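[1] just need the structure, nothing else, for what follows:
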Amino acid sequence: MKKILWMTLAGAASLAALVLWFIIQLNPLSGLEKSLPKNDTHHLDGKKASQHKGASYSAGHNNKRDAAEPRGGQAVHNALTIQRKLLSHPSYSQPYGYVGASFEQWNSPHPVDIPILDGEEHLSLRLSHFHYVYPDAIKGKVDASVGVGNVRLELIDVRTGTTLHIQQSKSEFLIPLELNWPRQLRIKATVEFDGGSEELSTDLNAHYSVATIKAINHARINQQDLVSEVTLHTEKPGIYRLRGILEEEKGTRLAIVTATEFLGAGSQTLMIKIHHSVLPNKTVELALTNLVIEKMSSRPGEAKRYGRSERIRWPIGKVNQDRLDQTPYSPSQQERQQLELLKKL
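    The predicted model follows:
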């Protein structure tokens with residue numbers, strides 16, 4: 001009897017997880033989309049920390065489960081609860097409190113952090129980002145709980161193993177990108193420290209800007225939304241997605257906004273919409289910041305490409321929420337079907 005009950009519960013949890021996955025696929029712009037950088041070529045190998053001189057360690061995207069992460073049915077329940085909340089807002093304008101953390105982490109690399117000297121000390125290699133867009137420089141730091149001496153850096157083509165660049169450095173370093181470098185790169189650092197040396201490596205992606213955000217107009221009211229026109233220059237036609245943070249003048253973050261359109265090549269415009277439900281109940285100056293422009297994959301196996309913004313922060317004007325139509329968001333038919341399905345789980 002216990003075995004039958006266990007199998008029933010396990011099957012229900014699996015079904016719920018499958019349904020949730022299906023819902024997320026139908027709503028790919030939701031806050032549950034996992035946009036952290038993917039790196040399948042280089043992971044921690046799980047071996048014990050080295051206790052000898054000259055060992056080598058590497059890392060890429062972290063696939064390990066956090067010890068505090070809820071498991072099984074509780075994790076599914078939490079995910080379903082969040083998804084219900086997200087479906088009460090349009091996908092183009094979702095509260096920062098629900099999806100902000102995921103957005104903030106999309107370009108976070110996994111640091112290499114290892115014990116040294118019989119586990120008494122530690123050594124780490126950290127990059128500022130996983131994705132770099134030309135002409136940005138690769139920025140990183142080697143840190144240790146003991147004194148760091150010389151650091152030898154090698155930049156390697158992951159696909160061919162060819163060394164593209166070598167430099168000597170101290171703990172902090174900058175490596176300017178070059179136009180002819182491939183997308184998948186690896187940094188190998190040979191670090192000398194008080195008592196020994198180690199090799200560490202980590203991966204990154206280099207991009208050559210596929211689009212540039214040139215201007216963003218002040219927002220205007222259109223029924224339930226604020227609407228702002230974005231001008232950009234694109235290198236190739238395709239489907240582009242623009243994401244960013246909506247914030248108040250004092251830096252309070254309100255929402256993650258998203259716009260997705262097919263654009264041609266050259267000077268193009270797309271519209272960003274901000275739903276009234278994410279705005280504060282007062283007159284405030286608003287701005288868009290931390291913008292990410294992506295050219296989406298057009299075929300299987302094609303990687304996303306990234307662009308740049310000419311400014312970090314774009315003011316879009318002062319807005320009084322009371323002037324907008326306050327009608328609650330009405331989910332689409334597809335979203336209503338998702339909500340009905342969630343209620344049954």
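[2] hang on, residue 210 packs against residue 295?
    Yes - using Cβ atoms under 8 Å, residue 210 is in contact with residue 295, at 4.6 Å. For every residue, glycine as well, the C-beta is placed using N, CA and C.
[3] how about the strands of the stretch 201-345 of the chain, start to end?
    For the stretch 201-345 of the chain, applying DSSP state E, counting those that start in this stretch gives strands covering 211-216, 220-222, 225-234, 238-248, 253-263, 266-275, 283-295, 305-306, 308-309, 313-320.
[4] quick check: which of the ones you listed is nearest to residue 184?
    Nearest to residue 184 among the strands of the stretch 201-345 of the chain is strand 305-306; the distance by Cβ to Cβ comes to 13.4 Å.
[5] quick one: distance of that closest one to the chain centre.
    Strand 305-306 sits 13 Å away from the centroid of its parent chain (Cα atoms, centre = their mean, to the nearest Å).
[6] what do you get for stretch 275-282?
    That offset, for stretch 275-282, works out to 25 Å (Cα atoms, centre = their mean).
[7] what of stretch 226-244?
    With Cα atoms, centre = their mean, you get 18 Å for stretch 226-244.
[8] list the buried residues for that stretch?
    Buried residues in stretch 226-244, counting neighbours by 16 or more other Cβ atoms under 10 Å, are found at 226, 228, 230, 232, 234, 238, 240-244.
[9] for stretch 330-339, same thing?
    331, 335, 338.
[10] again with stretch 257-264
    In stretch 257-264, counting by 16+ other Cβ under 10 Å, buried: 257-260, 263.
[11] below-threshold pLDDT in the chain: ranges please.
    In the predicted model of the chain, residues 1-73, 75-76, 79, 342-345 satisfy pLDDT under 70.
[12] so which residue is dead centre in it?
    residue 106 (0.9 Å; Cα atoms, centre = their mean).
[13] for residue 103, which non-adjacent residue is closest in space?
    residue 256 (5.0 Å; Cβ to Cβ, 6 or more residues apart in numbering).
[14] ok, the one you found - contacts?
    Going by Cβ atoms under 8 Å, 6 or more residues apart in numbering, residue 256 touches 31, 93-94, 96, 99-100, 103, 243-246.
[15] weed out the non-buried ones from the residues you listed.
    Using 16+ other Cβ under 10 Å, the buried ones in the contacts of residue 256 are 31, 93-94, 96, 99-100, 103, 243-246.
[16] residues touching residue 147, list them.
    193-194.
[17] let's see it at 10 Å
    Contact analysis of residue 147 by Cβ atoms under 10 Å, 6 or more residues apart in numbering lists 171, 192-195.
[18] which of these are buried?
    Buried, going by 16+ other Cβ under 10 Å: residue 193, out of the contacts of residue 147.
[19] which pair in the contacts of residue 147 spans the largest distance?
    171 and 195 (16.2 Å).
[20] tabulate the contacts of residue 147 (TSV), appending distance to residue 271 and secondary structure.
    What follows is the contacts of residue 147, written out as TSV (distance: Cβ to Cβ, whole Å; DSSP: H, G, I helix; E, B strand; the rest coil):
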residue	distance to residue 271	secondary structure
171	45	coil
192	54	strand
193	53	strand
194	57	coil
195	59	coil
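[21] now render the buried ones among the contacts of residue 256 as TSV, adding distance to residue 277.
    Listed next are the buried ones among the contacts of residue 256 as TSV, based on distance: Cβ to Cβ, whole Å:
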residue	distance to residue 277
31	15
93	8
94	9
96	12
99	14
100	16
103	18
243	18
244	18
245	16
246	12
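[22] about what we covered before: more neighbours, residue 210 and residue 295?
    Higher neighbour count among residue 210 and residue 295: residue 295, with 23 against 19, using other Cβ atoms under 10 Å.
[23] can you tell me how far that one is from residue 331?
    Plainly put, residue 295 is 29 Å away from residue 331 if you go by Cβ to Cβ, to the nearest Å.
[24] in the stretch 51-200 of the chain, which spans are helices?
    For the stretch 51-200 of the chain, the helices defined by DSSP state H, counting those that start in this stretch cover 72-86, 96-104.
[25] mind putting these in a markdown table, distance to residue 162 included?
    Listed next are these as a markdown table, based on distance: least, Cβ to Cβ, whole Å:
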| stretch | distance to residue 162 |
| --- | --- |
| helix 72-86 | 42 |
| helix 96-104 | 34 |
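[26] out of the ones you listed, deepest packed?
    helix 96-104 (a mean of 17; mean count of other Cβ atoms under 10 Å).
[27] just the angle between that one and strand 253-263, please?
    Here helix 96-104 runs at an angle of 60 degrees relative to strand 253-263 (axes from the mean of the first three to the mean of the last three Cα atoms, to 10 degrees).
[28] partner residues bridging the closest residue to residue 128 other than its chain neighbours?
    Excluding the flanking residues, the one nearest residue 128 by Cβ to Cβ, 6+ apart is residue 139, at 4.2 Å. Beta-bridge partners for residue 139, by DSSP bridges, are residue 174.
[29] what distance do you get for the closest residue to residue 96 other than its chain neighbours to residue 270?
    Among residues not flanking residue 96 along the chain, residue 253 sits closest, at 4.4 Å (Cβ to Cβ, 6+ apart). Distance of residue 253 to residue 270, computed by Cβ to Cβ: 22 Å.
[30] would you check that residue 155 makes contact with residue 169?
    No - the pair residue 155 / residue 169 is not scored as a contact, 11.7 Å apart, by Cβ atoms under 10 Å.
[31] looking at the two, which has the bigger crowd around it?
    Taking neighbours as other Cβ under 10 Å, residue 155 and residue 169 compare with residue 155 leading, 21 against 17.
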